[in-house]
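K.L.:
Based on what follows, work out the 3D shape:
(2 chains, ligands or ions: 2)
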Amino acid sequence: MIRVEGLVKSFAKQRVLDEVDLQVKDGEILVILGESGSGKSVLLRHLIGLEVPDQGKVFIKDVDITVLPESKLLKVRRDIGYLFQDGALYDFMSVEENVAFPLLEHTKISEKEAYQKVHELLEMVGLSSAKTKLPSELSGGMRKRAALARAVVLGSKIVLCDEPTSGLDPIKSREISDLIKEVSRRFKSTMVITSHDMMNAFRIADRLVLLKNGKIRIEGSPRDLKESKDSFLQEFLTDQYS
Amino acid sequence: MVINSVLHIFERAGLSVIFFLRSVGCIFSGRVRWKDVFKEIYEQGVETAIIVAMTSFATGAVLGLQGYVMLTQFGAREYVAHLVALSLVRELSPVFTSFIFSGKAGARMAAELGSMNVNDQILATRTLGVDPVEFLVVPRMIACFLVLPGLVVLSELFGIFGGYTIGVFDAGVPGASYIQQTLTAIRFVDFFSGFIKTLFFAVFIAWVCCFEGFYTKGGSLGVGRFTTRAVALSYIIVVISNTVLTKIILTFWG
Ligand SMILES: Nc1ncnc2c1ncn2[C@@H]1O[C@H](COP(=O)(O)OP(=O)(O)OP(=O)(O)O)[C@@H](O)[C@H]1O
Ligand SMILES: [Mg+2]
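P.N.:
Numbers count the residues shown, from 1 in each chain, chains lettered A, B, ... in the order given. Ligands and ions are numbered 1, 2, ... in the order given. So this is what the prediction gives:
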């Protein structure tokens, strides 16, 4: 579904990604772990063509998106949902308008049908009672859930989530993680999630990769990683759990 | 150091030209969201209209007062209507209305786009498969282009009304003759030269304010910085282009 080959990206003199290779299979939940500043968000932005790499290729369904112009990318992106760290909901639209926006833009269904679908989705993410509120009137967790609804409303087969649990308390983190898992099951979507929330990452991931110094240091199933003897990973895990 | 900042200015200028061409391209390929345009027209127009009407009325009144005193010295006080009408239509209304407009509607556009940018909403628009220039910039630009000329006409009307109030009630010019004089004073060329300048100002303000907003960086501090810069740049561009355009128009029409 997604294939990354030899991805290199530098900002000024800092090499953030250094020949990253990555594959994400159909229907899989892949979590990208790494310290703050290790380039997780930058990697994720490459998967939807928001960054142009210095070198390397990104294939989405066997199309190399790194060579596409913005006008073609806009079409590719309709099949990909993207959850921003702070939601990035339009603050001049209510929650339901935000979620309905992609539907009204890209599908031919009537407004009534669109809102029906939106209301079902909002029910699923537990925001039925807040559907007419503006994003500024929501808590951080509610914003993330609304943004998740917007990211999946087109039924995208690929959903990318940047730090879905950051800034939330442990209970809310768990809730949104479970929600992501449920969404992926229900829509059979492929998910790539960045996180430094180990607990939830291990709960929902089918596979994890650990980013370190611009390279993928280690990758495998949650069990593989727990049993790994890699010193940096050990350090990373113990720091997180303590 | 100096070279760097010069390069930076050229880079910004180049970027702004590309940005402008992208917006214009959008408009000419028919990708205009009229519903959003009308919403913007309403938001940019209504609030600004009240300020423009008030300040123009006061300006016209002051012109009447000063003009009356001055013209009396030359024994030409019946020309006060001419003075008020021509100053307003040729220079004052286009320029001052543009100032007020960029301070209000322009600043609003820059701040809105700027905060959308720092909150990733512009990036999010791209991830949703929608062109942010088409969705967020073009409606604002078109609204600006349509609203400002309207405001200028409004300003001219209220300014003349201000002058009329002074001329008739303070200086004792008969009302009918004041109106008569105003109408003979303004030739088509006068109105037109002011109006053409206004169209240019509208384009410049829309361009500068949308550009600065769209490329705002640096969080909420950045929004403040880029917004004030947008307004300051608009002022400078309006004043300078006014001089140039006036010269051109006078050369060709006299
Ligand atoms: N647009 C940019 N311009 C310059 N440097 C950037 C840019 N985007 C990212 N960087 C740099 O790239 C590095 C990786 O950033 P990134 O946001 O990917 O980190 P991250 O792993 O997502 O961290 P976090 O967990 O805190 O979100 C950082 O050092 C950052 O300074
Ligand atoms: Mg990040």
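K.L.:
show me where chain A has strands.
P.N.:
For chain A, the strands identified by DSSP state E occupy A:2-11, A:14-24, A:29-34, A:55-60, A:63-64, A:80-83, A:158-162, A:190-195, A:207-212, A:215-220, in order along the chain.
K.L.:
So for B:Thr127, which of those sits nearest?
P.N.:
Checking the strands of chain A against B:Thr127 by Cβ to Cβ gives strand A:80-83 as the closest, at 3.9 Å. Glycine gets a C-beta too; all of them are placed from N, C-alpha and C.
K.L.:
could I have that closest one exported to PDB, CA atoms only?
P.N.:
Backbone C-alpha positions of strand A:80-83 (Å, rounded to 0.1, in the frame of the first residue of the first chain) are rendered in PDB as follows:
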ATOM      1  CA  ILE A  80      -5.700   9.600   2.300                       C
ATOM      2  CA  GLY A  81      -6.900  10.900   5.600                       C
ATOM      3  CA  TYR A  82      -4.500  12.900   7.700                       C
ATOM      4  CA  LEU A  83      -5.000  13.700  11.400                       C
END
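K.L.:
so what secondary structure elements neighbour that strand?
P.N.:
Taking 3 or more Cβ pairs under 8 Å, 6 or more residues apart in numbering or on different chains; DSSP states H and E as the contact definition, the neighbouring helices and strands of strand A:80-83 are helix A:140-152, strand A:158-162, helix B:121-127.
K.L.:
Sheet partners, orientation included, of it?
P.N.:
Paired neighbours of strand A:80-83 in the sheet (DSSP bridges): strand A:158-162 (parallel).
K.L.:
The strand it pairs with close to ligand 1?
P.N.:
No: using Cβ under 6 Å from any ligand atom as the criterion, no contacts between strand A:158-162 and ligand 1 are found, and the smallest distance is 7.2 Å.
K.L.:
Centre of the chain to that strand, how far?
P.N.:
Shown here is strand A:158-162, whose average C-alpha point lies 2 Å from the average C-alpha point of the whole chain (Cα atoms, centre = their mean, to the nearest Å).
K.L.:
Over to stretch A:133-142?
P.N.:
When distances are taken as Cα atoms, centre = their mean, stretch A:133-142 is centred 20 Å away from the chain's centroid.
K.L.:
Spell out whether it and chain B are in contact.
P.N.:
No: Stretch A:133-142 does not reach chain B (Cβ under 8 Å from any Cβ of the partner chain); its nearest approach is 9.4 Å.
K.L.:
average pLDDT across that stretch?
P.N.:
Per-residue pLDDT values over stretch A:133-142 give a mean of 93.
K.L.:
Near B:Gly163, how many other residues are there?
P.N.:
Neighbouring residues of B:Gly163 were enumerated by other Cβ atoms under 10 Å in any protein chain shown; the total is 31.
K.L.:
I'd like to know how far the residue nearest the centre of chain A sits from ligand 1.
P.N.:
Ranked by distance to the mean C-alpha position of chain A (Cα atoms, centre = their mean), the top residue is A:Cys161 at 1.4 Å. Plainly put, A:Cys161 is 12 Å away from ligand 1 if you go by Cβ to the nearest ligand atom, to the nearest Å.
K.L.:
For that residue, list the residues it contacts.
P.N.:
A:Tyr82, A:Leu83, A:Leu148, A:Ala151, A:Ile180, A:Met191, A:Val192, A:Ile193, A:Thr194 (Cβ atoms under 8 Å, 6 or more residues apart in numbering or on different chains).
K.L.:
Just the closest of those to chain B, please.
P.N.:
Within those, the smallest distance to chain B is 3.9 Å, found for A:Tyr82 (Cβ to the nearest Cβ).
K.L.:
wait, what's in contact with the closest one?
P.N.:
Going by Cβ under 8 Å, 6+ apart, the list of residues near A:Tyr82 reads A:Ile48, A:Ala151, A:Val159, A:Leu160, A:Cys161, A:Asp162, B:Ala124, B:Thr127.
K.L.:
can you check B:Val32 too?
P.N.:
Residues in contact with B:Val32, defined by Cβ under 8 Å, 6+ apart, are B:Cys26, B:Val138, B:Pro139, B:Ile142.
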